[in-house]
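K.L.:
Just need the structure, nothing else, for what follows:
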Amino acid sequence: MSIRINGAGALKTSTDLSIRPTASKVRSAVFNILQTRIKGANWLDICAGSGAMGAEALVRGAANIVGIESSAIACQLVRENWQKFAKPDQKFEIIKGDAVKTLRKLQPKYFNLVYLDPPYQSELYLPVLTALSPLLADGGLVIAECDRLRLLPDVMGDLICCDRRQYGQTALVFYEKE
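P.N.:
Numbers count the residues shown, from 1 in each chain. Below you'll find the model as predicted:
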């Protein structure tokens, strides 16, 4: 399977079916919504998978990308993909580990944009959303990708849902810090 990144080339993918890249329709929608916010942003990619979202953010000018992924195979894939798309002035790091535990170790008030895309049946959504608030810079935005039938709460601590979008079986839930 070949995934194209915003005219910048193809992303390396895995035959491992548990590594599910974000559908191109959803990826396009996210980056159309975020277009004015990406340049120079600090992007956090939780459950990075193939690294498609982070690669797209790099191509569109994000300054720093941090990815969290529990699979060693996926981490290697993300690293290779981000190396391919990063320009010399962009930094990226992929951290292998448990999402919630890793979040506790990250720099506070650092991230402008956070993308959360765990396996749709995962129980990670609420614990991760609960842990994100201290990591968000002023005006930061969190986007959670989930199955359209999963109901994520309107309020998670001081994160407030500001938008919901649906693309086929996929839903995007947007949170801003209160």
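K.L.:
Can you show me the helices along the chain?
P.N.:
Taking DSSP state H as the criterion, the chain carries its helices at 24-34, 52-59, 72-85, 99-103, 125-132.
K.L.:
low-scoring pLDDT stretches of the chain, where are they?
P.N.:
Along the chain, segments meeting pLDDT under 70 span 1-9, 11-21.
K.L.:
Show the contacting residues for the residue nearest the centre of the chain.
P.N.:
For the chain, Tyr115 is the residue whose C-alpha lies nearest the centre (CA atoms, centre = their mean; 2.7 Å). Applying CB atoms under 8 Å, 6 or more residues apart in numbering to Tyr115 gives the contacts 30, 43-46, 53-54, 143, 145. To be clear about C-beta, it is placed using only N, CA and C from the backbone, and glycine gets the same treatment.
K.L.:
now, which of these sits nearest Asp163?
P.N.:
Ile143 (9.0 Å; CB to CB).
K.L.:
which stretches of this protein form strands?
P.N.:
Along the chain, the segments classed as strands by DSSP state E run 3-4, 10-11, 42-46, 64-69, 91-96, 111-116, 136-147, 155-156, 159-167, 170-177.
K.L.:
Can I get those strands in TSV including distance to Phe85?
P.N.:
Listed next are those as TSV, based on distance: least, CB to CB, whole Å:
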stretch	distance to Phe85
strand 3-4	12
strand 10-11	8
strand 42-46	12
strand 64-69	10
strand 91-96	9
strand 111-116	16
strand 136-147	20
strand 155-156	31
strand 159-167	23
strand 170-177	22
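K.L.:
Between the ones you listed, which one is closest to Gln35.
P.N.:
Closest among these, using CB to CB: strand 111-116, at 11.6 Å.
K.L.:
Return the distance of the closest one from the chain's centre.
P.N.:
Strand 111-116 has its C-alpha centroid displaced from the chain centroid by 6 Å (CA atoms, centre = their mean, to the nearest Å).
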